[in-house]
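In: Quick one, fold the following:
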Amino acid sequence: MESPGAKADVQEFTGIFLEEYFHLVAEAFRRHDRITCSSAAGLQPGTINNEQLCRIAGKYLDVMSFNYYTNGVDKGSSGASTIDRRTPDDAK
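Out: Okay, the predicted model is just below:
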């Protein structure tokens, strides 16, 4: 897609598709089980930043999961460098 018009068309189509998809799935779940939470399969880094996807999915889902995988510990992240290393004995 080179032209702005083509990109806009794809963006619009994607929005319509996502709206229909999440609506259809949510409606089917609610018809058969009104009390179960609906959740999205974990979104990956490539989709976490897709505002259109997140806004549409958020209208229909009770829970959204965002998965971030890495081959190591990111410096300055809230990952392994901040793990609570206390033991039950520390609470005494």
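
In: Please make it C-alpha for all contacts and neighbour counts, starting now.
Out: Will do.

In: Measure how far the helix of greatest length in the chain is from the centre of its chain, please.
Out: In the chain, with assignment by DSSP state H, the single longest helix is helix 4-32. Put simply, helix 4-32 sits 15 Å off its chain's centre (CA atoms, centre = their mean, to the nearest Å).

In: Can you give me the buried ones in the worst-scoring helix or strand of the chain on mean pLDDT?
Out: The weakest-scoring helix or strand in the chain, judged by mean pLDDT, DSSP states H and E, is helix 45-48 (a mean of 80). Residues of helix 45-48 classed as buried by neighbour count (16 or more other CA atoms under 10 Å): none.

In: Using CSV, write out every CA atom in the helix or strand just after that helix.
Out: Using DSSP states H and E, the next helix or strand after helix 45-48 towards the C-terminus is helix 51-60. Extracted C-alpha coordinates of helix 51-60, given in CSV (Å, rounded to 0.1, in the frame of the first residue of the first chain):
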residue,chain,number,x,y,z
GLU,A,51,-5.3,1.8,19.0
GLN,A,52,-8.2,0.9,16.7
LEU,A,53,-7.9,-2.8,17.6
CYS,A,54,-7.7,-2.0,21.4
ARG,A,55,-10.6,0.4,21.3
ILE,A,56,-12.9,-1.9,19.4
ALA,A,57,-11.9,-5.0,21.4
GLY,A,58,-12.4,-3.0,24.7
LYS,A,59,-16.0,-2.4,23.8
TYR,A,60,-16.8,-6.1,23.8
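
In: Residues touching the least confident helix or strand of the chain, excluding its own?
Out: Leu53, Cys54, Phe66, Asn67, Tyr68 (CA atoms under 8 Å, 6 or more residues apart in numbering).

In: how close does the residue nearest the centre of the chain get to Pro4?
Out: The centroid of the chain falls nearest to Leu43 when counting by CA atoms, centre = their mean (3.9 Å). Leu43 sits 27 Å away from Pro4, going by CA to CA, to the nearest Å.

In: on that earlier part again, not counting residues beside it along the chain, what's closest to the residue nearest to the centre of the chain?
Out: Spatial nearest neighbour of Leu43, excluding adjacent residues (CA to CA, 6 or more residues apart in numbering): Phe66 at 4.8 Å.
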